[in-house]
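Enquirer: 3D, please:
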Amino acid sequence: GSWVASSFNMITEMEAVDETTVQFDLEYTYGAFPGSLGSMQIVPKAVREADPEEFGLRSPVGSGPFVFDDWTENEYATISKWEDYWGESTPNLDEVTFVPIPESTTRVTNFKTGESSVMQDIPPKLFSTVESISDASIAETPALSYTFLTFNLNEGETTKPAVREAIDYSFDMDRVVQQFVEPAGVRQYQPIPIPTAEAWDMPIDEFEAMAVGKDTDQARSLFEEAGVPDDWTCNILCPPDDVRENMCVSVANGIKEAGYDARVNRLDWGTFLEKFTTGKESDYHIYCLGWSVNPDPDYQMYNMYHESGSGANSGHYWDDPEAMEMIEQSRQSTDREERRQLYIDIQTEIIQQRVQIPAFNPKGIWAARDDVMDFQIHAVPSQNPQVFTSEHNIWLDR
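Expert: The predicted structure follows:
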């Protein structure tokens, strides 16, 4: 994807100095470069280039401790232990099978009956059900992840700041999170996920003070001030996720209370990913999405908010020149304090201009049967499950 390119497109030259050293020459100083390197996988060039599509979809080859065995879309994927692994130790597990079960009740039932040993994502309404399973336990951690509402700043009524503000006043995000998200996540008031915001000493309280609650009268007068036609309908785009659908429905209900029509369009992931970046008002005025990040804020600030990502990573089409300059400056600086201040200023603009309305910081929540030993979860969602790492090596006590 384009976010991968943006993390490495400043490399002008690469050279293997010796067997264990590589030298990168960069076009400009890039403060997040070490973090970008750490999040990438190494793959054999000749195998990938021979057939990129086959490599990407059916026969990936990496440098890790497992070999990719078999995969059927929407059914299962199986990996097995690589006996010739170069590391000092090898996985305890001979084989791991991943089974996607989007329907949450079925997923929980599968786990309860022991068909699956480990389960990802416990919906809030089924939390107590999983807690009550006597031979299993829940593992959770604040995740480097962020869920939000984004406005279309490219076409239609939401290009007007007063309309975005009106929508913000039409519903209560605090209540949405209390009702539909907790205990699987917590309300977040700034774009950068809470663990990262805390690590960078961001003024979280100040961001919280910028949030507005529900005020339907205020929403009505702002819509009026913006001259929104009476027959306007707000299109809200939603991925196939109950929690996010509930959030979108809350927004739609608030807009209706303020005197306008609104419709929530829940789509399958493939269609959603095609639509949320088009910038067309016929597709959306608002969309709801989540974003998993790596620990350096640049990954999110540049890829989600810089105008170069419009139509690829994002569908807001924000093009404020001063903000774009700050985003560019924040990635080219190696001074942490300078970067911190720029990230505070960028987030302030995002909140004030209502490019997005921050919603919640999901927790990484997994459940494991009691016979799964040495099970741990990582704050970066894509790093889970931790089947075999330098710290953890899952085994089954049966």
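Enquirer: which strand is the longest one in this protein?
Expert: When the chain is parsed with DSSP state E, its longest strand is strand 356-369.
Enquirer: Does anything pack onto the helix or strand that that strand is followed by? Which helices or strands?
Expert: Using DSSP states H and E, the helix or strand that follows strand 356-369 in sequence is strand 372-373. Under the contact criterion of 3 or more CB pairs under 8 Å, 6 or more residues apart in numbering; DSSP states H and E, strand 372-373 touches strand 395-396. For every residue, glycine as well, the C-beta is placed using N, CA and C.
Enquirer: and the strand it packs on, how far out from the chain's middle?
Expert: Distance of strand 395-396 from the chain centroid (CA atoms, centre = their mean, to the nearest Å) equals 30 Å.
Enquirer: neighbouring contacts of it?
Expert: Strand 395-396 is contacted by residues 92-93, 117, 371-374 when judged by CB atoms under 8 Å, 6 or more residues apart in numbering.
Enquirer: Now a ChimeraX select for only the buried ones of those residues.
Expert: Filtering the contacts of strand 395-396 down to the buried ones (16 or more other CB atoms under 10 Å) takes a single ChimeraX command:
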select :93,117,372
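Enquirer: Quickly name whichever of the contacts of strand 395-396 is closest to residue 78.
Expert: Nearest to residue 78, judged by CB to CB, of the contacts of strand 395-396 is residue 93 at 11.6 Å.
Enquirer: The closest one against residue 79, yeah?
Expert: No - taking CB atoms under 8 Å as the definition, residue 93 is not a contact partner of residue 79, at 9.3 Å.
Enquirer: For the closest residue to residue 299 other than its chain neighbours, give me the pLDDT.
Expert: Excluding its sequence neighbours, the residue lying closest to residue 299 (CB to CB, 6 or more residues apart in numbering) is residue 293, at 5.4 Å. Looking at residue 293, its pLDDT stands at 77.
Enquirer: same check, this time on residue 334
Expert: Residue 334 carries a pLDDT value of 87.
Enquirer: Just give me the neighbour total for the residue nearest to residue 299.
Expert: Applying other CB atoms under 10 Å, we find 26 other residues in the vicinity of residue 293.
Enquirer: quick one, phi/psi of the closest residue in space to residue 359 that isn't next to it in sequence?
Expert: Nearest residue to residue 359 in three dimensions, chain neighbours excluded: residue 147, at 4.7 Å (CB to CB, 6+ apart). Dihedral angles phi and psi of residue 147 (degrees, to the nearest 10) take the values phi -110, psi 140.
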